[in-house]
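3D, please:
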Amino acid sequence: MEPGERTTLQEARRASEAPDARSYVLDVLIDGSPVRRDARVQLAGPVLRMEDRELALDSIFWVSRRAGLVLLFGRDETVALLGKGSDLEDVARAVERRADRGAQRLLLQPLAREVVVCTAGTAVSGTVEKTRLGGLHLAVFTQRGLHLIARDRRHSIAWPVRSVEELDSAGSAVGWGGLALEGDEVSLKLRYLFPEEIQAVARVARSTPKRTLDADASIEMFARGEVAPPPPARLPVFEISVETMRDACSEGMAKIQVEPELKVGFGPEFFERHFQELGEIALGPLMLRRSAALAADNLARAVEAMEAERLREDTHAALKTAADRLFKVYGYELNRLLAEKRPEEELARRFRTLDTERRELGRRLREFTERLEPSLTRVLAREHLLLQRLHALEHGPPGVEEGQVEQAAAEWKSEIVKLDRAYGATWRELIEEIADLWSSALLPRLVRVALLPKRRMTETTVLVLMAIAAFAVVATVVLVLT
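Numbers count the residues shown, from 1 in each chain. From the prediction side, this is the model:
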């Protein structure tokens, strides 16, 4: 977009008044200012409004995602947004649609021949050639060196450096790790890095580049993405399928023995429907994203379809929904039997109380989510690294080596296969857990209700019913005589 076409703040302000503007509550850090907690962030047309501050989206040249953090690098401002993953992802995608892609190309194309290792939004502190640096910067790591960019500032460091050390990140979120670089006239600490990024940088930062950049090498006027197709998806074969889901449900149902007192209404078709529904709820987040990834026409769209951050959130929600659905089904069947037996209210209340069972199932669900967390985290980290390299490849000149992308793609595919297996194993355990709960607690309770004698009507109730019947007879006789 040409400078004359840039959105003015007046235009942005008018657009932000649109009735369809979307709002979020996030923590906001505008570089150089204190953090604004629980600020109202509004997306409307070409502007991002943060309380009383506004940022034209077409002034942004880079968006960097970290775990629980999105960094926006613009020509005039650098902004960090902190909050829930789904809200952050909505904001990040909306900003990317309006970001200045021409500026991204101009930024990466001259660096492409150095072979970009990764890019990352980072918090920098330290010195470079006696110049003190601080605040948020976009770091472009190449096989030749490090380039730090923020607004109109730019600093470069050539490899190798004397020492590269990972900063202690114990207790910090994944993606909030750090790296310390020490060398001649270089002393820097960089935060908000994923472990895979730290490892990739450490490999190149200690070594002298094998090849140098020809100072006279011409840079093509076209970006690779304009003249060459994007890398294809070519996803691996996954283990979990509708068939494996059906088999696991059958195994779970086989563990349940229904007492004769409950045969009516609790045949095989009841538990078949019940477990099938639970399986679809629990597996839904992964299956939907995996199907979208398999249907993608290129690798970048396949990676975006998996959406590791949202997959994590939706997985936690799905497991909770499956548990809620279990107790809802039990409650429906319990109320059906109670309506037949009409026990005293106190006795009915005791049958409805499932505090112990809910706590135990909740504890097991927390174990399941904790067990999946390492796989989800690794997929998230590989996803970030692969998208960075795909982005660098797209904006670089034609003919740039694709080895970095191929390696990152192989590592990402390996991790999603492992996640697929871990997800399937967790889901099978959930089915077994629910089958055990039906066998050990829920069905025995229903049997006890089924064995209760039907409560006889009180004398008062009988008299009332007799009076109603007598009134109906008299009314009928009067109607006949008239």
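
and the closest residue to Glu54 other than its chain neighbours, how far is that from Gly32?
Spatial nearest neighbour of Glu54, excluding adjacent residues (C-beta to C-beta, 6 or more residues apart in numbering): Val47 at 5.4 Å. C-beta here means a position set from N, CA and C on the backbone, and glycine is covered the same way. Distance from Val47 to Gly32, counting by C-beta to C-beta, to the nearest Å: 20 Å.

What of Glu196?
From Glu196 to Gly32 the distance is 30 Å (C-beta to C-beta).

what's the answer for Arg65, then?
Counting by C-beta to C-beta - Arg65 and Gly32 are separated by 22 Å.

Which one of the two is surrounded by more residues?
Arg65 (22 against 10; other C-beta atoms under 10 Å).

List the beta-bridge partners for that one.
Val70 (DSSP bridges).

Contact partners for it?
Leu71, Leu88, Glu89, Ala92, Glu309, His384 (C-beta atoms under 8 Å, 6 or more residues apart in numbering).

Leu48 now?
So Leu48 contacts Val41, Gln42, Glu54, Leu55, Leu57, Leu72, Val79, Val91, Val95 (C-beta under 8 Å, 6+ apart).

Name the SS class of Glu433, please.
Here Glu433 is helix, with the state taken from DSSP: H, G, I helix; E, B strand; the rest coil.

Surely it and Arg364 touch.
Yes. Glu433 lies in contact with Arg364 (C-beta atoms under 8 Å); the separation is 5.5 Å.

distance of the residue lying closest to Ala300 once chain neighbours are set aside from Leu146?
Spatial nearest neighbour of Ala300, excluding adjacent residues (C-beta to C-beta, 6+ apart): Leu390 at 4.8 Å. Computed with C-beta to C-beta, the distance linking Leu390 and Leu146 is 21 Å.

So what pairs up with Phe141 in the strands?
Cys118, Leu146.

Let me see the contact set for it.
Val116, Val117, Cys118, Thr119, Ala120, Glu197, Ala200, Val201, Val204, Ala205.

Same question for Glu51.
Contacts of Glu51 by C-beta under 8 Å, 6+ apart are Val28, Arg36, Ala39, Arg40.

Going through these, which ones are buried?
Val28, Arg36, Ala39 (16 or more other C-beta atoms under 10 Å).

In strands, which of these appear?
Of the positions in the buried ones among the contacts of Glu51, Val28, Arg36, Ala39 sit in strands, assigned by DSSP state E.

Kindly reformat these as TSV containing pLDDT and distance to Arg132.
Shown next, in TSV, are those (pLDDT from 0 to 100; distance: C-beta to C-beta, whole Å):
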residue	pLDDT	distance to Arg132
Val28	91	25
Arg36	90	25
Ala39	90	29
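
Closest one of the residues you listed to Arg342?
Ala39 (56.1 Å; C-beta to C-beta).

Check the gap between the closest one and Leu82 for me.
For Ala39, the distance to Leu82 - C-beta to C-beta - is 10 Å.

Mutual contacts of those two, please.
Leu26, Asp27, Val28.

The nearest residue to the first one once chain neighbours are set aside and Glu89, how far apart?
Take Leu26 and drop its neighbours on the chain: the residue closest to it by C-beta to C-beta, 6+ apart is Gly83, 3.8 Å away. Computed with C-beta to C-beta, the distance linking Gly83 and Glu89 is 10 Å.

and the two? which has more neighbours close in?
Gly83 (19 against 16).

Looks like that one contacts Tyr24 (just checking).
Yes. If you go by C-beta under 8 Å, Gly83 and Tyr24 touch, sitting 6.8 Å apart.

Number of residues surrounding Glu433?
Counted with other C-beta under 10 Å, Glu433 comes out at 18.

Please apply the same query to Leu294.
Using other C-beta under 10 Å, Leu294 has 12 other residues around it.

Just give me the neighbour total for Ala254.
Ala254, neighbours per other C-beta under 10 Å, totals 11.

whoops, I mixed them up, Val95
Val95: 22 neighbours (other C-beta under 10 Å).

Ala292 reaches Arg310, doesn't it?
No. Contact criterion C-beta under 8 Å: Ala292 and Arg310 do not qualify, at 11.7 Å.

now the helices for the stretch 201-350 of the chain?
Per DSSP state H, counting those that start in this stretch, the stretch 201-350 of the chain carries helices over the ranges 224-227, 242-254, 268-295, 299-306, 308-341, 345-352.

If you average pLDDT over each of those, which is lowest?
Mean pLDDT is lowest for helix 224-227 among those, at a mean of 56.

Run the chain-centre distance for stretch 181-192.
Relative to its chain's centre, stretch 181-192 lies at 32 Å (C-alpha atoms, centre = their mean, to the nearest Å).

Right, I'll call it a day here.
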